[in-house]
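J.: Kindly return the folded structure for what I paste below:
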Amino acid sequence: MKNLYLVLTILGAIVPYLFFFQFIQTEGIDVAAFSAAMFVNGAAGGISADLLLSSFIFWVFMFQQLRKKGSPKPYAFIVLNLFIGLSCALPAYLYVRERPESMKAG
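T.: The predicted structure is shown next:
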């Protein structure tokens, strides 16, 4: 499973950026336009709301997992989630959780 998580992390980083680059080419780096485009219609709004809620749930899950010995710290995955997306952050987190116990400490 570890190798599958790594492949999914890479795909989860590349695929969203194909769309982000397309947006940046037409609109430039415009956070307000990007935010408006997320909710431009019901379909986009529903997907965006689902993704935002899923990301928040993932963050809660990661902080709850800190109680377990050897769980990865969530901060790097939150950064991945914010700057790339859940499709990269979630499999990256699962990949790190698959590491041998001796490498998780720290």
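J.: and the most centrally placed residue in the chain, what does it touch?
T.: The residue lying closest to the centre of the chain (CA atoms, centre = their mean) is L86, at 2.3 Å. Remark: with contacts taken as CB atoms under 8 Å, 6 or more residues apart in numbering, L86 is in contact with G12, L51, S54, S55, F58. In this view, the C-beta of every residue, glycine as well, is placed from N, C-alpha and C.
J.: And the first one, which helix or strand is it part of?
T.: It stands for G12. If you go by DSSP states H and E, G12 is part of helix 2-27.
J.: list the buried ones in that helix?
T.: By 16 or more other CB atoms under 10 Å, the buried positions in helix 2-27 come out as Y5, L8, T9, G12, A13.
J.: and those as JSON lines, adding distance to S71 and pLDDT?
T.: Listed next are those as JSON lines, based on distance: CB to CB, whole Å; pLDDT from 0 to 100:
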{"residue": "Y5", "distance to S71": "15", "pLDDT": "97"}
{"residue": "L8", "distance to S71": "20", "pLDDT": "97"}
{"residue": "T9", "distance to S71": "18", "pLDDT": "97"}
{"residue": "G12", "distance to S71": "21", "pLDDT": "97"}
{"residue": "A13", "distance to S71": "22", "pLDDT": "96"}
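J.: just curious, which of those residues is nearest to Q65?
T.: Y5 (15.6 Å; CB to CB).
J.: Let me know whether the closest one touches L94 as I believe.
T.: Yes: counting by CB atoms under 8 Å, L94 is a contact partner of Y5 at 4.7 Å.
J.: Common neighbours of those two, please.
T.: Counting by CB under 8 Å, 6+ apart, nothing touches both Y5 and L94.
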